[in-house]
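Enquirer: I need the structure of the sequence given here:
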Amino acid sequence: MSIKKAIKFTLLLSIAICFQLFLIAPSVKAEQKTYTDNEVNISKKDLIIFLEKLSGNLESDLADIGNYANVDEEYIKNSVNKLKGLNIIDEHVSFDNLYESPKKEEVYYILAKYIGVEAADGKTAFNDDEKLQSWSRGYIKELENLGVIDGKDKRFEPDKVLNRGELRDVNKELFLAVINTSQSFRADENNKSKAFIVVNANNALIENIKTQTPILINPKASNGRLRIINSDISKIYIADGSQNFEVQLSNSKLQSAKSLGKNISYTNLGPDGKVGPLPNPEEYKPGDKRVVTKIITSSRSHSSSSSSSGNNNNQKENKSQSDKEAEEKGRTQDKANPKKNAEGSGTANKKTPQENSPSEGKNKSGGGSSTANKTAPQENSPSEGKNKSGGGNGTANKKAPQENSPSEGKNKSGEVNGSLNKKLHKKVRLPGAKTKREKVI
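Expert: Presented below is the predicted three-dimensional model:
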């Protein structure tokens, strides 16, 4: 009995310890994300370290702004020179004094150029848009166009100096995830963020993106592949220095891409496991009105494209065959009816209407006066065309009905004065023709 009690006691104690660890774990996790330097204003050195972490060059936590990962001043200066060489740092923001605090406008400008976005036209939606400098407005506007930031009913406050806590908020606003090692990122079903996913790994997987999220691929991902599954990607930015990289879609959409890299390919993984090439999305932009017709998707789009192409070819072939048949029919009719009316001037048709003409075609011209054709109907004409005209005075036809005219087609005439044909009305009878009037059809 004592042994059983000991075993029972041991089991209960183990359960109690596990339960306690379960309760403590969340608090430890939350404690790791608590920073005590939120009120400390950032420096330009902090911003350089932030960009180095974003690029995957430093292993330290991106949100740990004050952790310089044991880098020295020489490393910082080399990083500044590298960013200048990439035109990310330019004459608009000076980094001569690394301990100076950058303004909010400068932070967003540098981050936008780091990502590789192009300056957009127009004003932003921020209430204080007029305070933005001309060199920064377009980049902030493009971030707004991508849905990464929202300026509606808000103030941007471009001259504000950010503290480290606010830079952490900027990080959450602009970047949904940073993939620094070979791993996968799966968006939560409730995710509505359109922030960037940064890829620094050369074998990464992204899936379940439903909000047209943009992606930034850095040089660290070179000589690798990014697989995108069941996702809707608005745009892929491939940074300068990236090379030998494959973007592979599977049941996904990609609207466009901007690449500064070399040897970048786009492929599709079909449901049958076969990999095939995709159109190069770098050839168009999301702002283009025709972008909808150029969105590249996984295997489904290719079958529909092939079907559409086939339909177009069939239509062209059918049209060509119809044209040939019409041409042959016309030649046969020309031989049988040497007096066929040629398609000519509406004025000629109105002044000298042809009679006894067996033509089967239609004499068409631009919009004309209905008075003309009504006052000068063709008689004894077995042509299959109908005399038709544009808007005009309809009184003339009542005075001059057609006689012996079984014409079935239409003569469309141009603009004319209706009084002309009233004087030119003729009655011509063919030899052997019946003298009685025939009903006009």
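Enquirer: Could you list the low-pLDDT ranges of the protein?
Expert: Where the chain drops to pLDDT under 70, the residues are 1-2, 4, 13, 16, 18-33, 284-441.
Enquirer: can you give me the helices for it?
Expert: 2-32, 44-54, 73-85, 104-115, 134-145, 164-174, 291-294, 299-336, 346-351, 370-375, 396-399, 419-423 (DSSP state H).
Enquirer: Run a quick neighbour tally on Asn208.
Expert: 14 (other CB atoms under 10 Å). For every residue, glycine as well, the C-beta is placed using N, CA and C.
Enquirer: pretty sure it is in contact with Asn230, am I right?
Expert: Yes - at 5.5 Å, Asn208 and Asn230 qualify as touching, with contact defined as CB atoms under 8 Å.
Enquirer: how close does Asn203 get to Glu157?
Expert: 41 Å (CB to CB, to the nearest Å).
Enquirer: go on, Thr211?
Expert: 27 Å.
Enquirer: Next: Lys82.
Expert: Distance from Lys82 to Glu157, by CB to CB: 30 Å.
Enquirer: same thing with Pro214?
Expert: With CB to CB as the criterion, Pro214 and Glu157 are 25 Å apart.
Enquirer: More neighbours: these two, which one.
Expert: Pro214 (27 against 14).
Enquirer: Could you check how many residues crowd around Tyr68?
Expert: Using other CB under 10 Å: Tyr68 sits among 18 other residues.
Enquirer: Do I have it right that it meets Phe50?
Expert: No - taking contacts as CB under 8 Å, Tyr68 lies outside contact range of Phe50: 10.6 Å.
Enquirer: List the buried residues in stretch 215-223.
Expert: Buried residues in stretch 215-223, defined by neighbour count with 16 or more other CB atoms under 10 Å: 215-222.
Enquirer: Which of the residues you listed fall in strands?
Expert: 215-217 (DSSP state E).
Enquirer: Next up, the contacts around Ile228.
Expert: 206-207, 209, 247-250, 252, 254 (CB atoms under 8 Å, 6 or more residues apart in numbering).
Enquirer: Can I get these in CSV including distance to Ser101?
Expert: Shown next, in CSV, are the contacts of Ile228 (distance: CB to CB, whole Å):
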residue, distance to Ser101
Ile206, 35
Glu207, 40
Ile209, 35
Val247, 38
Gln248, 43
Leu249, 43
Ser250, 45
Ser252, 41
Leu254, 39
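Enquirer: Kindly indicate which of those lies nearest Lys103.
Expert: When the contacts of Ile228 are ranked by distance to Lys103 (CB to CB), Ile209 comes first, at 32.5 Å.
Enquirer: So what's the residue count around the closest one?
Expert: 26.
Enquirer: my guess is it contacts Asp188, does it?
Expert: No - between Ile209 and Asp188 there is no contact under CB under 8 Å: 10.5 Å.
Enquirer: Please determine how far the closest residue to Glu106 other than its chain neighbours is located from Gly147.
Expert: Spatial nearest neighbour of Glu106, excluding adjacent residues (CB to CB, 6 or more residues apart in numbering): Val93 at 4.7 Å. Distance from Val93 to Gly147, counting by CB to CB: 25 Å.
Enquirer: now swap in Val178 and tell me
Expert: Applying CB to CB to Val178 and Gly147 gives a distance of 19 Å.
Enquirer: between these two, which one's more packed in?
Expert: Val178 (20 against 16).
Enquirer: Report the beta-bridge partners for the closest residue in space to that one that isn't next to it in sequence.
Expert: In this structure, Val178 finds its nearest non-sequential neighbour in Val198, 4.4 Å apart by CB to CB, 6+ apart. Taking DSSP bridges, one obtains Val178, Leu216 as the residues bridged to Val198.
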